[in-house]
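A.B. asks: okay, here's the prediction I keep looking at, along with the sequence it came from:
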Amino acid sequence: MASLYVGDLHQDVTEAVLLQKFSPFGAILSVRVCRDRINHHSLGYGYVNFQQQADAKRALDTMNFEEIMGRPIRIMWSQRDPSLRKSGVGNVFVKNLDKSVDSTTLHGTFSAFGSILSCKVVCDENGSKGYGFVHYEAQEAAEKAIEKLNGTLFNNRKVFVGHFKSRKQREAEQRLHEGTLKVSPTVMTYCWAYVCARPDAEWFGQFSGHGQDEQQGAEWEAHQQGTWPEEERDSSGTQAGETRLYDPCEAAHLFPVHCCL
């Protein structure tokens, strides 16, 4: 059995339509138009399974980019392995295309460098969007096409021809370019505290790790009245002539203490 993928189908194309179009090329085992599981609308692609490889090859060579119900169809050998489809090997991205360049024209130009599995100019209701993709059977053909065609004039427009990159790859490169790699921020709580001229060990409290927060490190166990010797305090809880901004005992976990020795 030889299976062909048929894409860019009109919404009204059914299995009967595909069977009628492809049966002249040889014995067909089955035809399927893929549909949405909920509303059963066509997803715009399907499969035609021929009994003989040679018949499928003849259908591909003859019917690729032919119109069915006013829309050019795109045919390629069915590739069931998603890892191969998404690997990007042999896949070329082309942009800055003239509006007059369609999939047939693109295929005709790029086929000079090797066997093409799939070729498509991306379109919307207004026509070409100015870019497309060419998927070669061999990576060597893709490299040759990039080398020869990148920066050349195609229908009087200078085109870019380069390696295909997935959306994730493009987004990662964009973040690197902009210097905006997402890094989880480390939040530190800190404050200013005024200490006496000669603090003793008891004043500073103890440093010990209890395993309650290994990411933050050892927690400072200072007792509530340990931030200032009692005799150095005035009635407001600050040293005479100084303004206390924050009580470090109320701060969470680690923070620097600025003091004069």
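C.D. replies: That came in fine, so what should we check first?
A.B. asks: ok, which stretches of this structure are strands?
C.D. replies: Taking DSSP state E, the strands of the chain run over residues 2-7, 28-35, 42-50, 67-68, 71-72, 74-77, 91-95, 116-124, 127-136, 153-154, 157-158, 160-163, 206-208, 219-221.
A.B. asks: relative to Arg170, which of those strands is closest?
C.D. replies: Evaluated over the strands of the chain, closeness to Arg170 peaks at strand 91-95, with 10.1 Å, by CB to CB. The C-beta positions use only the backbone N, C-alpha and C, and glycine is treated the same way.
A.B. asks: in that closest one, which residues are buried?
C.D. replies: Neighbour-count burial for strand 91-95, counted by 16 or more other CB atoms under 10 Å, picks out 91-94.
A.B. asks: with stretch 118-130 instead?
C.D. replies: 118-121, 123, 128, 130.
A.B. asks: of all the strands of the chain, which one is nearest Thr109?
C.D. replies: Nearest to Thr109, of the strands of the chain and by CB to CB, is strand 153-154 at 7.0 Å.
A.B. asks: got the contact list for that closest one?
C.D. replies: Here strand 153-154 makes contact (CB atoms under 8 Å, 6 or more residues apart in numbering) with 97-98, 101, 109, 159.
A.B. asks: 10 Å instead, please
C.D. replies: Contacts to strand 153-154, defined as CB atoms under 10 Å, 6 or more residues apart in numbering, come from residues 94, 96-98, 101, 105-106, 109, 159, 161.
A.B. asks: show me where pLDDT drops low in the chain?
C.D. replies: The chain contains residues with pLDDT under 70 at 81-87, 179-261.
A.B. asks: contacts only, for Lys21.
C.D. replies: Per CB under 10 Å, 6+ apart, neighbours of Lys21: 6, 13, 31, 48, 59, 63, 66, 68, 73.
A.B. asks: who are the contact partners of the residue nearest to the fifth one when sequence neighbours are not counted?
C.D. replies: So that's Ala59. Nearest non-adjacent residue to Ala59, counting by CB to CB, 6 or more residues apart in numbering: Phe25, 4.0 Å away. With contact taken as CB under 10 Å, 6+ apart, Phe25 is in contact with 4, 48, 50, 52, 54-63.
A.B. asks: ok, and the most crowded of the contacts of strand 153-154?
C.D. replies: Counting neighbours by other CB atoms under 10 Å, Val94 leads the contacts of strand 153-154 with 26 neighbours.
A.B. asks: closest one to Ser42 out of the contacts of Lys21, please.
C.D. replies: When the contacts of Lys21 are compared against Ser42 (criterion: CB to CB), the nearest one is Val13, at 6.7 Å.
A.B. asks: now, of the contacts of Phe25, which are buried?
C.D. replies: The neighbour-count test (16+ other CB under 10 Å) applied to the contacts of Phe25 identifies 4, 48, 50, 55-57, 59-60, 63 as buried.
A.B. asks: can those residues go into a markdown table with extra columns for distance to Ala172?
C.D. replies: Formatted as a markdown table, the buried ones among the contacts of Phe25 follow (distance: CB to CB, whole Å):
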| residue | distance to Ala172 |
| --- | --- |
| Leu4 | 35 |
| Val48 | 38 |
| Phe50 | 41 |
| Asp55 | 44 |
| Ala56 | 39 |
| Lys57 | 39 |
| Ala59 | 40 |
| Leu60 | 36 |
| Met63 | 39 |
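A.B. asks: okay, now the domains of the protein?
C.D. replies: 1-78, 83-183, 185-261 (automatic domain parsing).
A.B. asks: so how far does stretch 97-104 reach from one end to the other?
C.D. replies: 13 Å (CA to CA, to the nearest Å).
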